[in-house]
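Q: Any chance you can model this:
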Amino acid sequence: HNNLNGGISTNYNIISRDAKLTIVKASAKLKANEKSMTYGASVPTFTARFTGLVNGDQSADFDNQISMSSSAGTQPASGTYPIELSLAELENYEVTVEEGMLQVNKAALTITAIDQQMNYGGEVPEWTLRYRGFQNGDDESDITTPAVGALVSSRTAVGEYPILVSTASATNYDITLINGTCTVLPVTLIVTANNTAINYGQELPSFEYSVRGFVNGEDVDVLSIPPSISHNIADRSAVGTYNLDIFGASAANYNFVYLSGRLTIMPAALRIIAQDLAMIYGEEVPEPVISYEGFQYDEGPEVLSVAPTANVNAAQSSSAGTYPIAFRNETSADNYQVELIPGTITIGKAPLYAKATDFEIVYGSPFPTLKVEYEGFLAGDTEFSIAAPFPVTEANGRSDVGTYPIVLTGGSALNYEVIKEDGQLTIVKAEQSIEFTVEQSNVRPNQVIELDARSTSGLPLTFTISDESLMRIENGIATPLNVGQVTVTA
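A: Sure thing, here's the model as predicted:
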């Protein structure tokens, strides 16, 4: 209530009467503030603001009378949620309440194809993805599975190829897809210069190499540039080991590791030979002869450290047989493997001619003692120095007239080759005379005549006639057949 006091007027009689003042509630508006958040973040604190407050009232004056909530909960999915308000009745205000909105935005999720490497010819790697940005314990099972791959195989050439990621989606995420790179790396080939060896003096070989590590069934045919081999070996290079350096190969999809090889120059075989010699028993011993096999280039005995000498271990009087020819000293030479090869001297048997002595005797005379004649004895040897051959013959003191061989049997000698020559024994007829005791003449046909003759040798006689048509002789009896003259021979 309000009271009126005082008041003066010339023309009026003022009558005071009290009045009544009514104060009604002011109109105000309470609106929930709009809020936004990203999926996975903490739900923001809800706030509201008044409009229409008067008399210096502030929104904070009524905070304890405002209640705010939302159906979003504590981990809302992406989307829009109302912010609900409730307000206790205010003494001085008639308040209109207006809800706000909570906007939950999708979280950023990055899916990256992890870069991979593979070797040319190798297995294609397994594609893997890296996820960044999952919220609220989510993982890849909470999104649609993205497709991932690259156009590579074991035969894909060296280079870089994209790993493509596609077709991923999710309710609560804005997805950024980042492609990766598959790098196909060259395969390492190990190129080796092959070890080799030659002997001093030989021509250099064609150097060869080997390559390990080809894939996909490939071989040296894929080399666009074959490797080169270099060395510092010169003509007449000495015995030793020399490097074979290899370099310069090229091939698509490969890189190279080079392994040097070695050329070993080994000593040449040098044979120093005491030549085999031969002599005949009793001859002078020849001087040793030394020959060489294996000198290279134009080299000769001058490269030897010591001139080799040899000794013949036999004398003029040495028996037939084989004797060594030995070296007296050792020798060596740079770049050579020296082998001293002893020889032998063979003393052959001297020819010794043994001949059975020829004999001629008269039938009936004494039988001779057979003998052997020799030609070729040396060094004072005689028939007593050998096993002498023995002369034999089939003839004896009663053998008939004729020629009989005298054969040498047996006979041997350490130092002689006995050459035997047979002889012969000739028995000649002894001298004799035959005398008829009766002279026969003027005989008649069919007359029986007993022939009578005597030989000084006492041998029995036989008779022959000159004409069998005139006479027949049988058992020493002659019978004339026809007329004529015939000669009877005893």
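Q: Going by C-alpha atoms from here, please, whenever you check contacts or count neighbours.
A: Will do.
Q: host element of the residue lying closest to Gln424 once chain neighbours are set aside?
A: The shortest distance from Gln424 to any non-neighbouring residue, by CA to CA, 6 or more residues apart in numbering, is to Pro405 (4.3 Å). Per DSSP states H and E, Pro405 falls inside strand 402-409.
Q: Now find how far off-centre stretch 155-169 is within its chain.
A: Put simply, stretch 155-169 sits 44 Å off its chain's centre (CA atoms, centre = their mean, to the nearest Å).
Q: How about residues contacting that stretch?
A: Under the criterion CA atoms under 8 Å, 6 or more residues apart in numbering, residues 112-113, 115, 120-121, 143-152, 175, 177-186, 216, 252-253 lie in contact with stretch 155-169.
Q: Mark which of those are buried, thanks.
A: Applying 16 or more other CA atoms under 10 Å to the contacts of stretch 155-169, the neighbour count classes 112-113, 115, 120-121, 148-150, 152, 175, 177-186, 253 as buried.
Q: got a list of what the residue nearest to Gln424 touches?
A: 393-394, 422-425.
Q: sorry, back to before: restricted to strands, list the contacts of stretch 155-169.
A: Mapping these onto strands (DSSP state E) picks out 112-113, 147-149, 175, 177-178, 180-185.
Q: Out of those residues, which two sit at the greatest distance?
A: Largest separation among these by CA to CA: Ile175 and Leu185, giving 31.2 Å.
Q: Can you give me the neighbour number for Phe247?
A: 18 (other CA atoms under 10 Å).
Q: ok, now how distant is Asp400 from Ala430?
A: Distance, Asp400 to Ala430, by CA to CA, to the nearest Å: 10 Å.
Q: quick one: which of these two has more around it?
A: Shown here are Asp400 and Ala430; by other CA under 10 Å, Asp400 has more neighbours (15 against 12).
Q: Can you verify my assumption that that one contacts Ile361?
A: No: Asp400 is not in contact with Ile361 according to CA atoms under 8 Å; the separation is 11.1 Å.
Q: can you give me the helices for the stretch 51-200 of the chain?
A: With DSSP state H, counting those that start in this stretch, there are no helices along the stretch 51-200 of the chain.
Q: anything in contact with each of Asp400 and Ile361?
A: Ile427.
Q: Can you report how many residues neighbour Glu210?
A: For residue 210 the amino acid is Ser, not Glu. 12.
Q: ok, now which ones touch it?
A: 191-194.
Q: And for Leu244?
A: Here Leu244 is in contact with 193, 229-231, 260-263 (CA under 8 Å, 6+ apart).
Q: Please confirm that it is located within a strand.
A: Yes: counting by DSSP: H, G, I helix; E, B strand; the rest coil, Leu244 falls inside a strand.
Q: Distance-wise, check it relative to Asn199.
A: Remark: distance between Leu244 and Asn199 (CA to CA) = 17 Å.
Q: try Ile246
A: For Ile246, the distance to Asn199 - CA to CA - is 22 Å.
Q: next one: Ala28
A: Using CA to CA, Ala28 is found at 117 Å from Asn199.
Q: what do you get for Gln135?
A: Where Asn199 is concerned, Gln135 sits at a distance of 79 Å (CA to CA).
Q: what do you get for Gln424?
A: From Gln424 across to Asn199, the span is 69 Å (CA to CA).
Q: And the strands in the stretch 1-150 of the chain, which stretches?
A: For the stretch 1-150 of the chain, the strands defined by DSSP state E, counting those that start in this stretch cover 26-32, 35-38, 48-51, 66-70, 79-87, 93-98, 100-105, 107-113, 116-119, 129-132, 147-149.
Q: Glu302 looks like it's in a helix, true?
A: Yes: per three-state DSSP, Glu302 lies within a helix segment.
Q: what number of residues lie near it?
A: For Glu302, the neighbour count with other CA under 10 Å is 9.
Q: Please apply the same query to the one 3 residues further on.
A: Ser305 is surrounded by 12 other residues when neighbours are defined as other CA under 10 Å.
Q: For it, grab phi and psi.
A: Torsion angles at Ser305 (phi, psi; degrees, to the nearest 10) stand at phi -70, psi -40.
Q: That concludes my questions; thank you for your assistance.
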